[in-house]
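Asker: mind looking at a prediction? Sequence and model below.
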Amino acid sequence: MAFSLSDKQRVINTPDSVRVFSPANVERTTSAAVTAGDKLFIEGFGHFDIDSITNIKLRRGRAAVNESKEFTVTAPAGVAIGDAIELRVEMDTTRYQSELAITSRLGGANTFVISTKPLAAITPAAIVDALVVAYTDFLAQFHLEETPLVIADAGNDIRLTTTAGYESVSFKRAEIRRSNQGIGSQSWVTLALNVTIASAFEGEGLGKFLEESIRMATPGNNDPYGVDTNDTRVDLRGTYTALYFEVSAPYTENLSTLAADHGPLAATHKFVLYLNEATSMAANSAVAKLAAIALLRATALTPLTATVTAAPLTLAQETSEVMILANASSVATVAAFIA
């Protein structure tokens, strides 16, 4: 019989909130001095024997990335000088953003549509130029509107890039069609994706996302994240390294009548720390000492590994590696992790 408690989470902005002590209660001032028999102290969580840690992982924060793709323009059938070209961009989003959201399907976003002035030439490059001018005119006409994307000239391609704040948005499809009075409704022509320059990524360990989960928790709704001091408040502009670890320890108390006479009962505790990289990433600071502990446990525990592996990691490596960098590669030394 065993007991598993829910994860406890905490934000750390002050490196002194994480300390390591020897069995003789002497503080370890460097990461190199940390040994397997030491105790880890985390303010708000308490003390932990390092050798009771059964799972651990450190992951550096990752910046958000705006998606950027280039689509090759081909002239629609029958297009002639004097016609206009309409561009329709279909997008998906992993977040519910009211200015983009649609009700027809989960994850969908409103389409972005613009139209060119009458064409003076009908080559792909001329159409691209006309679309860029149309986008510039759109910005001038709707200058108060927040636009989710930028349209740029890339030869015979149009380059679509999401704007800051829309890192959750990805481009599903870009289409054009011929437009003019008296020609009736024309079919959309889907443009071929030529190259993906960057894929959408919302970021990881960013202060603005921690704020959603942590600062919106209050004593009135059980304060599950323990926001109790200035040190645990989220820096919205900050980037945080995440530490995940589990501790397994036996308890001799009779936790219920069912547990009576069963002897020591195993209990597993799970913890998550978010450490501000602006304050805790220096040599021999909080993250360095935690990385040293992760290396010790990777040496002691078969499921855990600390190797130099280039990104992208496989699922098995994601599970086993104890130190993962912002670029999704893994490293094997403290110095490499905090660099």
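Answerer: The structure has been received and is ready for your questions. Numbers count the residues shown, from 1 in each chain.

Asker: tell me which residues touch Asn284, please.
Answerer: Taking CB atoms under 8 Å, 6 or more residues apart in numbering, we find Asn284 in contact with 29-31. Any C-beta I mention is one placed from the backbone N, CA and C, and that applies to glycine too.

Asker: residues contacting Glu99?
Answerer: Glu99 touches 146, 148, counting by CB under 8 Å, 6+ apart.

Asker: is it fair to say it lies in a helix?
Answerer: No - under DSSP: H, G, I helix; E, B strand; the rest coil, Glu99 sits outside any helix and is assigned coil.

Asker: ok, and the most crowded of the contacts of Asn284?
Answerer: Ser31 (22 neighbours; other CB atoms under 10 Å).

Asker: which residues touch that residue?
Answerer: Ser31 is in contact with 283-284, 288-289, 291-292, 334, counting by CB under 8 Å, 6+ apart.

Asker: of those, closest to Ser199?
Answerer: For these, the closest approach to Ser199 (CB to CB) belongs to Ala291, at 28.6 Å.

Asker: can you pull the contacts of the closest one?
Answerer: 31, 58, 323, 334, 337-338.

Asker: that older thread, so how do I select the buried members of the contacts of Ser31 in PyMOL?
Answerer: Buried residues among the contacts of Ser31 (16 or more other CB atoms under 10 Å), as a PyMOL selection:
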select buried, resi 284+288+289+291+292+334
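
Asker: out of the contacts of Ser31, which sit inside helices?
Answerer: Mapping those onto helices (DSSP state H) picks out 288-289, 291-292, 334.

Asker: what about Thr94, neighbour count?
Answerer: Neighbours of Thr94 using other CB under 10 Å come to 13.

Asker: what lies in contact with the lengthiest helix in the chain?
Answerer: Secondary structure assigned by DSSP H gives helix 124-141 as the longest helix of the chain. Outside helix 124-141, the residues that touch it by CB under 8 Å, 6+ apart are 72-75, 85, 87, 114-117, 119-120, 147, 150-158, 176.

Asker: following it, which helix or strand comes up?
Answerer: Next in sequence after helix 124-141, counting helices and strands by DSSP states H and E, comes strand 149-154.

Asker: which of the contacts of Ala291 fall in helices?
Answerer: Going by DSSP H, the helices hold 334, 337-338 from the contacts of Ala291.

Asker: ok, of these, which one's closest to Leu243?
Answerer: Among the ones in helices among the contacts of Ala291, Phe337 lies closest to Leu243 (CB to CB), at 11.5 Å.

Asker: which ones are touching that closest one?
Answerer: 58, 60, 287-288, 291, 323, 325, 331.

Asker: what's the pLDDT at it?
Answerer: Listed pLDDT for Phe337 reads 97.

Asker: separation between it and Tyr274?
Answerer: Distance from Phe337 to Tyr274, counting by CB to CB, to the nearest Å: 16 Å.

Asker: residue most distant from the centroid, this structure?
Answerer: Gly182 (49.4 Å; CA atoms, centre = their mean).

Asker: any idea whether that one is helix, strand or coil?
Answerer: Once three-state DSSP is applied, Gly182 turns out coil.

Asker: what residues does it make contact with?
Answerer: Residues in contact with Gly182 (CB under 8 Å, 6+ apart): none are found.

Asker: from Gly82, how far off is it?
Answerer: 11 Å.

Asker: likewise for Val322?
Answerer: Relative to Gly82, and taking CB to CB, Val322 is found at 65 Å.

Asker: looking at these two, which one has more neighbours?
Answerer: Val322 (27 against 10).

Asker: now, among the contacts of Ser31, which is nearest to Ile50?
Answerer: Ranked by distance to Ile50 (CB to CB), those are led by Ala292 at 9.6 Å.

Asker: OK, contacts around that closest one?
Answerer: 31-32, 34, 334.

Asker: show me which pair in the residues you listed is furthest apart.
Answerer: Using CB to CB, the two most remote members of the contacts of Ala292 are Val34 and Val334, lying 9.4 Å apart.

Asker: what ranges do the strands span in the stretch 1-150 of the chain?
Answerer: Assigned by DSSP state E, counting those that start in this stretch, the stretch 1-150 of the chain shows strands spanning 2-4, 8-12, 18-21, 39-42, 46-49, 53-59, 68-72, 84-93, 112-115, 149-154.

Asker: hey, least reliable of the ones you listed by pLDDT?
Answerer: Averaging pLDDT over each of the strands of the stretch 1-150 of the chain puts strand 2-4 lowest, since it has a mean of 46.

Asker: so Thr305 touches Glu321, yeah?
Answerer: Yes - at 5.7 Å, Thr305 and Glu321 qualify as touching, with contact defined as CB atoms under 8 Å.

Asker: in the protein, which helix or strand is least confident?
Answerer: strand 2-4 (a mean of 46; mean pLDDT, DSSP states H and E).

Asker: so how far is Ser280 from Gly238?
Answerer: As judged by CB to CB, Gly238 and Ser280 stand 10 Å apart.

Asker: overlap in contacts, the two.
Answerer: Common contacts of Gly238 and Ser280, defined by CB under 8 Å, 6+ apart, comprise Asn13.

Asker: how close does Val73 sit to Lys172?
Answerer: 17 Å.

Asker: which of the two has more residues huddled nearby?
Answerer: Set Val73 next to Lys172 and count neighbours by other CB under 10 Å: Val73 wins out with 27 against 13.

Asker: great, nothing more from me.
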